[in-house]
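Novice: With the sequence up front, the predicted model follows.
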Amino acid sequence: MIVIIDYQAGNLTSVVRSLKALGVEGAVTQDPAVVAQASRVIFPGVGAAGQAMATLRELGLDQALRQSCQRGIPILGICLGAQIILEGSEENDATCLGLLPGRTRALPRVQDLKIPHMGWNRVRFLKDHPVFKELPEGAEYYFVHSYYPAPDQASMVLGVTDHGIEFPSAIGWRNLVATQFHPEKSGRFGLQILENFLAWDGTHAE
Amino acid sequence: MLSKRIIPCLDVRDGRTTKGIRFKNNVDIGDPVAMARHYYEAGADELVFYDITASSDRRNIMIDVVRRVAAEILIPFSVGGGIRNLNDMREVLLAGAEKVSVNSAAILEPSLITAGAQAFGSQCIVLGMDVKRVTASPAIPSGYEMVIHGGRTPMGIDALWWAREAVRLGAGEICLNSIDADGTQAGYELTLTRMISEAVPIPVIASGGAGTPDHLCQVLTQGRADAALIASMVHYGTYTMQGIKEYLAQRQIPVRLIW
């Protein structure tokens, strides 16, 4: 069962629709017991880190996510879901899930570049990963965010994107992979990433 | 580098699109879902639907359109027109739109922006601005005034002040429409666009006046816009998305070239 975690952080419609386009039904849930049964977890979300963490704790989903991570099932974080898997966030100075060592930082405003970083941008993939295969050079992905995930270890950064600074836009470690962009809103290349994720067993050569 | 977005705008009245008479290839030009699909495949970076439905009791028709569009395309789209309260916003977003655009309602009740941003996130809340050039005065120091009702009702509010105020209230993006340029196909209002874009930290979509790819080139460079709204120049088949993007790319404007 593919579980999409609903912690009242934004709209999950497009994630569900994208899976449907791949012929897969995702189960949207707020129930930790359902998450415990998952064979695969998608952890999306938009909004503020502080509120998101409060809701996750209230629903008991923080523990459910930690357990899923320990079980070794493939987990995909998207946008806010890529940020709050780290230990903490500069946004609301929130303590986060700590599935990955590191912190979420605010995008600095460089020159006259706009914040939020909103729109289509490229990702320069730094290493091979099963979830990011078969993507053409020059493909762009849809971003909308003001913060970015900064894992402690360079080996956890799978791809980077330029918006004034070069920031990690695809990160991962063991059975965890996460994108700052929205694959579910990134046309067919985004769909390719979701398809790759659905086929991924949660392991890869370091 | 972030690409400049090219965004076709579709006017929808009672569930049917109102422009697009020269579409070929079996596209039902009255069907917003078919039009959305067409533009998605043609390389649109985002879509805007503007609901000009005359009667409010037909709102559910638009919600159904939003739901069917969301099932067809994998790019963001926003919905504007007739969004008056949080419930209107919620319906549109739950039906699958990425963003809602508020215009008149936000001027009449600015707290709607804050309430929307708190409930759904700033990134969902687009402030639509209809702006008219006037003689600068103490009340309108920028020389650009906010208008509503399609330009018929001047509000006595300075456009530059309102743009900054909307950012403070929580708007995530501005869609800036020049009433003077709208429908002329003679080019965007560059002075206005540059003024607003330089004054706010959030992205600005330029709207009104697009007739040629060079107009987009101007507004994305001199006008400092982050995105450009287009309508007639693509609806009537004069230009294609691909052609426009290639024109811009040749002039070193970053655009999304493969999709």
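Specialist: Structure received. Given the structure is predicted, the values throughout are model-derived calculations rather than measurements. Numbering: from 1, shown residues only, chains lettered A, B, ... in the order given.
Novice: and chain B, which residues reach chain A?
Specialist: Counting by Cβ under 8 Å from any Cβ of the partner chain, the residues of chain B close to chain A are B:1-5, B:40, B:45-46, B:70-71, B:74-76, B:93-96, B:98, B:120-124, B:172-173, B:198, B:201-203, B:224, B:226-227, B:256-259. In short, each C-beta sits where N, CA and C put it, glycine included.
Novice: Run a quick check on B:Asn85 versus B:Leu112, I expect a contact.
Specialist: Yes. Contact between B:Asn85 and B:Leu112 holds when scored by Cβ atoms under 8 Å: they sit 6.9 Å apart.
Novice: In terms of packing, which of the two has more residues around it?
Specialist: Legend: neighbour count by other Cβ atoms under 10 Å in any protein chain shown for B:Asn85 and B:Leu112, higher for B:Leu112 (22 against 13).
Novice: how about the more buried one, what does it touch?
Specialist: By Cβ atoms under 8 Å, 6 or more residues apart in numbering or on different chains, B:Leu112 lies in contact with B:84-86, B:102, B:105-106.
Novice: before we move on, back to that, which of the residues of chain B next to chain A fall in strands?
Specialist: B:5, B:173, B:227 (DSSP state E).
Novice: could I get those residues as TSV with neighbour count?
Specialist: Formatted as TSV, those follow (neighbours: other Cβ atoms under 10 Å in any protein chain shown):
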residue	neighbour count
B:Arg5	24
B:Glu173	28
B:Ala227	24
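Novice: Kindly indicate which of these lies nearest chain A.
Specialist: B:Arg5 (5.1 Å; Cβ to the nearest Cβ).
Novice: For the closest one, give its distance to A:Asp162.
Specialist: From B:Arg5 across to A:Asp162, the span is 17 Å (Cβ to Cβ, to the nearest Å).
Novice: now A:Leu100
Specialist: 22 Å.
Novice: Direction included, what does the helix or strand of chain B at the bottom of the mean pLDDT ranking pair against?
Specialist: Using mean pLDDT, DSSP states H and E, strand B:16-17 stands out as the lowest-scoring helix or strand of chain B, at a mean of 88. Sheet pairing of strand B:16-17 (DSSP bridges) gives strand B:5-13 (antiparallel).
Novice: what's the longest helix seen in chain A in contact with?
Specialist: Longest helix in chain A, counting residues (DSSP state H): helix A:187-199. The set of residues external to helix A:187-199 that reach it, using Cβ under 8 Å, 6+ apart, is A:2, A:18-19, A:21-22, A:24, A:40, A:42, A:74, A:76, A:130-136, A:139-142, A:177, A:179, A:181-184, A:186, B:40, B:74-75, B:259.
Novice: for the longest strand anywhere in chain A, packing partners?
Specialist: Longest strand in chain A, counting residues (DSSP E): strand A:165-173. Packing partners of strand A:165-173 (3 or more Cβ pairs under 8 Å, 6 or more residues apart in numbering or on different chains; DSSP states H and E): strand A:147-151, strand A:157-163, strand A:176-179.
Novice: Any idea which of these gets closest to B:Pro32?
Specialist: strand A:176-179 (29.8 Å; Cβ to Cβ).
Novice: The closest one: how far from the chain's middle?
Specialist: Its chain's average C-alpha position is 5 Å from that of strand A:176-179, according to Cα atoms, centre = their mean, to the nearest Å.
Novice: Can you list the strands that that strand pairs with?
Specialist: Strand pairing (DSSP bridges) places strand A:176-179 next to strand A:75-78 (parallel), strand A:165-173 (antiparallel).
Novice: Would you convert those into JSON lines that also reports mean pLDDT and mean neighbour count?
Specialist: Shown next, in JSON lines, are the strands paired with strand A:176-179 (pLDDT from 0 to 100; neighbours: other Cβ atoms under 10 Å in any protein chain shown):
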{"stretch": "strand A:75-78", "mean pLDDT": "98", "mean neighbour count": "27"}
{"stretch": "strand A:165-173", "mean pLDDT": "97", "mean neighbour count": "22"}
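Novice: of the contacts of helix A:187-199, buried ones?
Specialist: A:2, A:18-19, A:21, A:40, A:42, A:74, A:76, A:130-132, A:135, A:139-142, A:177, A:179, A:181-184, A:186, B:40, B:74-75, B:259 (16 or more other Cβ atoms under 10 Å in any protein chain shown).
Novice: Need the pLDDT of the residue of chain B positioned farthest from its centre.
Specialist: No residue in chain B sits farther from the centre than B:Pro138, which is 29.4 Å out by Cα atoms, centre = their mean. Note on B:Pro138: pLDDT of 96.
Novice: can you give me phi and psi for it?
Specialist: phi -60, psi -30 (degrees, to the nearest 10).
Novice: Then B:Met195?
Specialist: Per degrees, to the nearest 10, the backbone of B:Met195 is at phi -60, psi -50.
Novice: wait, isn't it in contact with B:Ser142?
Specialist: Yes. At 6.7 Å, B:Met195 and B:Ser142 qualify as touching, with contact defined as Cβ under 8 Å.
Novice: Need the residues touching each of these two.
Specialist: Listed contacts common to B:Met195 and B:Ser142 are B:Leu160; contacts here mean Cβ under 8 Å, 6+ apart.
Novice: Could you check how far the spatially most central residue of chain B is from B:Ser207?
Specialist: The centroid of chain B falls nearest to B:Cys175 when counting by Cα atoms, centre = their mean (4.9 Å). Noted for B:Cys175: a distance of 6 Å to B:Ser207, by Cβ to Cβ.
Novice: Give me the common contacts of these two.
Specialist: Shared contacts of B:Cys175 and B:Ser207 (Cβ under 8 Å, 6+ apart): B:Leu229.
Novice: mind checking which helix or strand the residue nearest to B:Ile196 when sequence neighbours are not counted is in?
Specialist: Nearest non-adjacent residue to B:Ile196, counting by Cβ to Cβ, 6 or more residues apart in numbering or on different chains: B:Ala163, 4.9 Å away. Secondary structure from DSSP states H and E places B:Ala163 in helix B:159-169.
Novice: Just list what that helix packs against, helices and strands only.
Specialist: Under the contact definition 3+ Cβ pairs under 8 Å, 6+ apart, helix B:159-169 sits against helix B:111-120, strand B:125-133, strand B:144-148, strand B:173-178, helix B:190-199.
Novice: tell me how far the ends of stretch B:232-239 are from each other?
Specialist: Stretch B:232-239 has an end-to-end distance of 9 Å (criterion: Cα to Cα, to the nearest Å).
Novice: cool, and stretch B:10-19?
Specialist: Calculated as Cα to Cα, the first-to-last residue distance of stretch B:10-19 is 8 Å.
Novice: Okay, buried residues for that stretch please.
Specialist: In stretch B:10-19, counting by 16+ other Cβ under 10 Å, buried: B:10-13, B:15, B:17, B:19.
Novice: try stretch A:31-49
Specialist: A:31-32, A:35, A:38, A:40-49.
Novice: related to what we said a few turns ago, select, out of the strands paired with strand A:176-179, the one closest to B:Ile52.
Specialist: strand A:75-78 (33.8 Å).
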